[in-house]
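below are the sequence and a predicted model; questions follow.
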Amino acid sequence: MPLASRSSASGLILLLLTASGVVACNKRKSEPINAASMRVLGRYWLTHTQLQSAGAKGTGFTVTAPRLVELLPNGYVRSIPNQEPQFEGLLPPEVLQEPQNGRGLMLYAQRVGEIHWRTPEGLLYGRVHPGAFVSVVPMDGLMVRIGNLPFKPDQGPLVVYVNRESLGTEPRELASLKAPVDTRSMRWSVPISGWIADPDEPNMKPAWSSKPCEDVWVSRDLKRVSQYVRGVEVIGIADSLTAPWPTIDAGGGISCPGRFIAHRGAQLVLCETTKPDNPNKPAEPRVVERIPEGYRTFELPKGDPLGNAIEQGASAYWLTDDGSGPKCDQWSFRLDDPRHRAKGRKGRLVRHEKWDRETAWFPMSYLPSEEKRLAVLHLGTIMLSGGGTMKCPCESDYAILRADEGELEVISQPPPDDIIAYDPSQTERWFLSAEKCQVARTQAAEALERDGSVATRLGFHAVLPGLQF
């Protein structure tokens, strides 16, 4: 058998090596990234994120509920070993560039950590407290940029940083927080701005906007404001509160949603009368497994103590607080024509103390309870004896939820017909005797001395902003 020439043999060997090299290269390009040998950069929770398939174009596994993952170099993540389902892939680029709202890489606050504004060494913006679930952009160094905060920046994107050592993967129960010393909780249907004084700039800057219809803590001198929601505390200067706003505004009508539990067939549903971001559109009822903790069971009040007080021209007493402490504010019912009670009770609700030397009164009508329908007291826009009135059409319909021994519990949002429970933090306490109001006033003053954050849960009357009684 003839032997091949040396040159022919060399060429054949070169051809075989070249071909095998091409096959090997093509094989490496088509295989997924070998993550086994990669250095783990850290563990995070990943939620609501669609991964890109590693080593190929197109989408990969979609993470919906929070899943614990390992972060590897170049934005590669994989599920924790021995946990189902197993998945891996590349993060979307924006997740590694900006903190996302409710998606991307997340961590829980394990301890209190200061939040710094604009730069890792910036001004104090607030604090994270145990249980806060924040989105994170992995960074070198001790400070990391976070997002998913329950507050909106007043201008531009939110850029804040926190110490990485205060964050971790262990889920924590949300911490409770007392109001700062010498503050009272308020509740508004509109956002309140928190400002930060920058010593390097001549003017203050608005840093955040409060979450509407949640408690805001304001100092008695109206100069400091803070809010605590979902484990995140923000701190600022109350530059916009230059007028003597009431320290209690429990959302008395205007647009904060009322929350009730009702029956829908065999199910319990949570009903909200309005959406905070759209007061003209009721929220869709949401099925719940049980009545939430702290809600009060509803029973149709027996008798008609408020109707009797109106017929007799008696007084009602509101528990109020204008910032100087709880008071009992007396108002008396005056019927227009007592002879026509069967057609409904109409008249005025007149304040005993004058306001700026003028008598203040509400146009009033009362519709008693009938079958399962609640009694409702309608108050029109407040009037003054000198002819003045509020500039807004500020009318309220107060449904009577409870009437016990001369104390009424009322709410200025319409409850559903099939109500079975309600959130008592949204109600007001009215009294039909001065003595009962004074007892409640003393109890409220003692509670506020211990913790000013309870102010919006003591049943104060929601004083209208811009008009101090």
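All right, it came through fine.

for Q50, name its beta-bridge partners.
T62 (DSSP bridges).

likewise G168?
Using DSSP bridges, the bridge partners assigned to G168 are Y108.

so it makes contact with G113?
No - counting by Cβ atoms under 8 Å, G168 stays clear of G113, with 10.9 Å between them. The way it works is simple: take the backbone N, C-alpha and C, and place the C-beta from them, glycine included.

those two: who's more crowded?
Using other Cβ atoms under 10 Å as the criterion, G168 and G113 rank with G113 on top: 23 against 16.

quick one, phi psi at that one?
phi -140, psi 140 (degrees, to the nearest 10).

how about the contacts made by it?
By Cβ atoms under 8 Å, 6 or more residues apart in numbering, the contact list for G113 reads 127-128, 162-163, 165-167.

again, only using 7 Å
Contacts for G113 (Cβ atoms under 7 Å, 6 or more residues apart in numbering) come out as 127-128, 162-163, 166.

now the nearest residue to it once chain neighbours are set aside: how far from K223?
Sequence neighbours aside, S166 is the residue nearest to G113 in space, at 2.9 Å (criterion: Cβ to Cβ, 6 or more residues apart in numbering). Per Cβ to Cβ, to the nearest Å, S166 is found 28 Å from K223.

repeat that for K346.
The spacing between K346 and K223, counted by Cβ to Cβ, is 44 Å.

when these two are compared, which one has more neighbours?
Between K346 and K223, counted using other Cβ under 10 Å, the more crowded position is K346 (16 against 12).

am I right that the more buried one sits in a helix?
No - K346 is assigned strand when assessed by DSSP: H, G, I helix; E, B strand; the rest coil, not a helix.

could you pull up the residues touching it?
So K346 contacts 336, 364-365 (Cβ under 7 Å, 6+ apart).

out of those, which is most surrounded?
M364 (21 neighbours).

what secondary structure does that one sit in?
strand.

the residue nearest to it when sequence neighbours are not counted bridge partners, please.
The shortest distance from M364 to any non-neighbouring residue, by Cβ to Cβ, 6+ apart, is to L349 (4.5 Å). Per DSSP bridges, residues listed as beta-bridge partners of L349: F333, F362.

distance of the residue nearest to Q100 when sequence neighbours are not counted from P415?
Leaving out its chain neighbours, the residue that sits closest to Q100 by Cβ to Cβ, 6+ apart is S135, at 5.1 Å. Look at S135 and P415: by Cβ to Cβ, they are 37 Å apart.

who has more neighbours out of those two?
Counted by other Cβ under 10 Å, S135 and P415 do not tie: S135 has more neighbours, with 23 against 18.

count of neighbours near V137?
17.

what is the nearest residue to it once chain neighbours are set aside paired to in the beta sheet?
Spatial nearest neighbour of V137, excluding adjacent residues (Cβ to Cβ, 6+ apart): R145 at 4.5 Å. According to DSSP bridges, the partner residues bridging R145 are V137, Y161.

R145 and N163, how far apart?
On the measure of Cβ to Cβ, R145 and N163 end up 12 Å apart.

please apply the same query to E173.
Counting by Cβ to Cβ, the separation of E173 from N163 is 21 Å.

neighbour count for those two, which is higher?
Taking neighbours as other Cβ under 10 Å, E173 and N163 compare with N163 leading, 17 against 9.

who touches the more buried one in this structure?
N163 neighbours (Cβ under 7 Å, 6+ apart): 113, 142-143.

one more time with 6 Å, if that's ok
Counting by Cβ atoms under 6 Å, 6 or more residues apart in numbering, N163 makes contact with 113, 142.

same deal with N148?
N148 is in contact with 101-102, 134-135, counting by Cβ under 6 Å, 6+ apart.

per-residue confidence at N34?
Reported pLDDT at N34 in the predicted model: 59.

can you list the domains in the protein?
For the chain, automatic domain parsing gives the domain ranges 42-96, 183-237, 259-457.

how far away is G258 from Y398?
For G258, the distance to Y398 equals 12 Å [Cβ to Cβ].

same check on S453?
25 Å.

between these two, tell me which one has more neighbours.
Neighbours per residue (other Cβ under 10 Å) separate S453 from Y398, with Y398 holding more: 23 against 19.

other residues contacting the helix or strand encompassing that one?
Taking DSSP states H and E as the criterion, Y398 maps to strand 396-404. For strand 396-404, the external contacting residues (Cβ under 6 Å, 6+ apart) are 253, 301, 305, 374-379, 408-412, 415.

re the thing from before, out of the domains of the chain, which is closest to W117?
Smallest distance to W117 across the domains of the chain (Cβ to Cβ): 6.1 Å, for domain 183-237.

start to end distance for the closest one?
13 Å (Cα to Cα, to the nearest Å).

where does the protein dip in pLDDT?
The model of the chain has pLDDT under 70 over residues 1-37, 54-58, 154, 202, 239-255, 274-282, 323, 338-344, 388-393, 463-469.

quick one, helices of it?
6-30, 305-311, 434-450 (DSSP state H).

gap between stretch 90-104 and the chain center?
Relative to its parent chain, stretch 90-104 has a centroid offset of 23 Å by Cα atoms, centre = their mean, to the nearest Å.

please point out which parts of that stretch sit buried.
Judged by neighbour count using 16 or more other Cβ atoms under 10 Å, the buried positions of stretch 90-104 are 90-92, 95-96, 98-100, 103-104.

ok, those residues vs P199, which is closest?
Ranked by distance to P199 (Cβ to Cβ), the buried residues of stretch 90-104 are led by P99 at 26.7 Å.

what is the burial count for the nearest residue to that closest one once chain neighbours are set aside?
In space, and not counting its chain neighbours, P99 is closest to G147: 2.5 Å by Cβ to Cβ, 6+ apart. When counting by other Cβ under 10 Å, one arrives at 20 neighbours for G147.

tell me how far G147 lies from Y422.
Distance from G147 to Y422, counting by Cβ to Cβ: 35 Å.

now swap in D221 and tell me
Taking Cβ to Cβ, one finds D221 at 35 Å from Y422.
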